[in-house]
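> Sharing a model prediction with you, sequence too.
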Amino acid sequence: MILDRILDHKKAELRHKQSRGYIAELKGRIADRSTPMGFINALEAGMTDDAPALIAEVKKASPSQGLMRPEFQHQFDPIVIAKTYERAGASALSVLTDQEYFQGCLDYLASVNDAVSLPTLNKEFMLEDIQFYEARAYDADCVLLIVAALDRIQLQDLYSVARGLELDVLIETHDEHELDTVLERIPDARMIGINNRNLKTFATDLGVTKRLAMRIPDDKLIVSESGIHTREHVISIKKAGAKAMLIGESLIRADDIEEKIRTLCCSSHTETEPTESTTRWV
């Protein structure tokens, strides 16, 4: 399974980072950083009658599809993408930082944070404490915990590390068993992600959001992830109870990102020809 390969590589990668000097450097950088912006608060403020709040993803590649766009082979500018998302009304951003499988890096996270005023999620496979210090040192406001990648003790411990660093946490689930683990082990978790992608087949099914959302208490902020491509998809997950949605592929692959976001998020919007002011890929 691809997740197992990713985690094995990530563990080997992390072994090379475990030095007192590097940890001390990260802690020094954190001491100079301001308090993280409220990622969850931004999502709560970004919900509308038409759509859940949008977490727009800065994503260069994926292990299943390779580069999101052919031109990314020669030119990938996360700042241009992030500014376009901000201009189009995204509530928050997700930035991929895994290098081996997603061609991301922590420098992308830092540059995006310098360029826009939206809170950011460090989209990474978090397995060790040091990664949370990295996220904080590179100005992330939120981190991801994937239940399928962690045992119960790790999940609890890493959640505590993140909160100790004042980071918000998106806890990602894929099925009922994982969701029950979160509700039982981390009852104070405010934000729960539902990934509609099957980790074995990589197929997506928005019915996963509908099925799991029914089991989540009303005081939690539900984030639907993966497989959201059309206005009908947005309506479906909103009806299911999603208060936020994380979208990457359908935005990155769109010829006009701003137009795509308007189409997804506004019930009264109809697609029009782009004007000179809209951002298009060249």
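In hand now; what should we look at?

> burial count for Ser117?
Neighbour count of Ser117, defined by other Cβ atoms under 10 Å: 7. Every residue, glycine included, has its C-beta placed from N, CA and C.

> Can you tell me the closest non-neighbouring residue to it?
Excluding the flanking residues, the one nearest Ser117 by Cβ to Cβ, 6 or more residues apart in numbering is Glu86, at 7.1 Å.

> For that neighbour, give me its contacts.
Leu93, Val116, Ser117, Leu118 (Cβ atoms under 8 Å, 6 or more residues apart in numbering).

> Filter those down to just the buried residues.
Neighbour-count burial (16 or more other Cβ atoms under 10 Å) is assigned, among the contacts of Glu86, to Leu93, Val116, Leu118.

> just curious, which of those is nearest to Ile252?
Comparing the buried ones among the contacts of Glu86 against Ile252 with Cβ to Cβ places Leu93 closest, at 12.5 Å.

> got the contact list for the host helix or strand of the closest one?
Using DSSP states H and E, Leu93 sits within strand 92-96. With Cβ under 8 Å, 6+ apart as the contact definition, strand 92-96 has outside contacts at 39, 42-43, 46, 53-60, 78, 82, 85-86, 102-104, 108-109, 112, 116, 118-124, 140-142, 244, 246, 248.

> ok now it, how far from the chain's centre?
5 Å (Cα atoms, centre = their mean, to the nearest Å).

> I'd like the next helix or strand past it.
Proceeding N to C from strand 92-96, the next assigned helix or strand is helix 106-115, under DSSP H and E.

> Buried residues, that next one. List them.
Going by neighbour count (16+ other Cβ under 10 Å), the buried part of helix 106-115 is Leu106, Tyr108, Leu109, Ala110, Ser111, Val112, Asn113.
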